[in-house]
Structure formats: C-alpha cells, structure tokens
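Participant: Generate coordinates for the sequence data below:
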Amino acid sequence: QVQLVESGGGLVQAGGSLRLSCAASGRALSRYAMGWFRQAPGKEREAVASIDWSGGSTSYAESVKGRFTISRDNAKNMVYLQMNSLKPEDTAVYYCALGPAFGAIPTMTATQYYYWGQGTQVTVSS
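Facilitator: Sure thing, here's the model as predicted:
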C-alpha cells in the first residue's frame, strides 16, 4: 500500500516562502508522475504543479508560475514544492499525489492520480 505524507506547511506572511515535502513509502516513486494539488475552503481542488517520472518535465498552474517550483529526489523517494512570493490566495490544504507511470508530459488532471496524502495546511497572512 502506498502512503504519501506531506510536511512543511504552516503560517507565513505574504511575500514569504515555504517548502513542502512529500515522503512516499510502499512504492518507489521513480516510475511515476507526481503532483501537488490544493483545496481552499469552499473551493474545488485545483492542480498546482506536476512533474514527470524523471524530473525532466514539469507543469504549473498559471497562478503559481514563476513562484512555485516542483522537484523530486527519486533516490530518497521524495517530492518537493518550493513556494516563494506567497500570496493570501495561496492559502489552502496542499496535497501530494502519485500519478501515472512514465509519460512525457506530467498530467495536471486529478482523476489520473491514484494515491493521495492527507494534506498539509498552508496559511498566508496579508
């Protein structure tokens, strides 16, 4: 059984930075796309960023381009989301998820992700 555990969330002022981590167990991540998603209160879950199995291809939501960076360390079975220049509208619960094996372009479609973590809260104050 795959387990994904997010960490690194917290309270930060607007303009600040946070680095989220996602630790996986039960399966090697090296063959799979990974994604970060978020859900704010009263809103639908949205894709934030995704990365292909090799780390060579990434995709980002328009709202975070230039501010967030997704990366992975397959040797450590970890995925990261570096978030800079945070805005109050980035406030949400952030989830990491395991997606399809291989593939050239990492998907941003939530329904294509098989396993999900429990999430970590990110709160950005103005």
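
Participant: Need the contact partners of the helix or strand where Met34 lies.
Facilitator: Element membership for Met34 (DSSP states H and E) is strand 32-39. With Cβ atoms under 8 Å, 6 or more residues apart in numbering as the test, strand 32-39 has contacts from 20, 22, 45-53, 70, 72, 79, 81, 90, 92-101, 103, 106-108, 110, 113, 119, 122. Where you see a C-beta, it was placed from the backbone N, CA and C, and this is true even at glycine.

Participant: Do a quick rundown of the strands in this protein.
Facilitator: With strands called from DSSP state E, the chain shows them at 3-7, 10-13, 18-25, 32-39, 46-51, 58-60, 68-73, 78-83, 92-101, 115-116, 120-125.

Participant: Same question for the fourth one: list its buried residues.
Facilitator: Along strand 32-39, these residues count as buried under the neighbour rule (16 or more other Cβ atoms under 10 Å): 32-38.

Participant: about what we covered before: among the contacts of strand 32-39, name the buried ones.
Facilitator: 20, 22, 47-53, 70, 72, 79, 81, 90, 92-100, 106-108, 110, 113, 119, 122.

Participant: At the geometric centre of the protein, which residue do we find?
Facilitator: Residue closest to the average C-alpha location in the chain (Cα atoms, centre = their mean): Trp36, at 2.1 Å.

Participant: which residues does that residue bridge with?
Facilitator: Per DSSP bridges, the residues bridged to Trp36 are Ala49, Cys96.

Participant: now swap in Met83 and tell me
Facilitator: Leu18, Phe68.

Participant: these two touch, right, it and Leu18?
Facilitator: Yes. The criterion here is Cβ atoms under 8 Å, and Met83 meets it with Leu18 at 5.0 Å.

Participant: In terms of packing, which of these two has more residues around it?
Facilitator: Met83 (26 against 21; other Cβ atoms under 10 Å).

Participant: Would you mind listing the residues in contact with that one?
Facilitator: Met83 touches 17-20, 64, 67-68, 90, 122, counting by Cβ under 8 Å, 6+ apart.

Participant: quick one: the closest residue to Phe102 other than its chain neighbours and Ala104, what's the gap?
Facilitator: In space, Phe102 comes closest to Trp53 once its chain neighbours are excluded; the distance is 5.4 Å by Cβ to Cβ, 6 or more residues apart in numbering. To Ala104, Trp53 is 10 Å away according to Cβ to Cβ, to the nearest Å.
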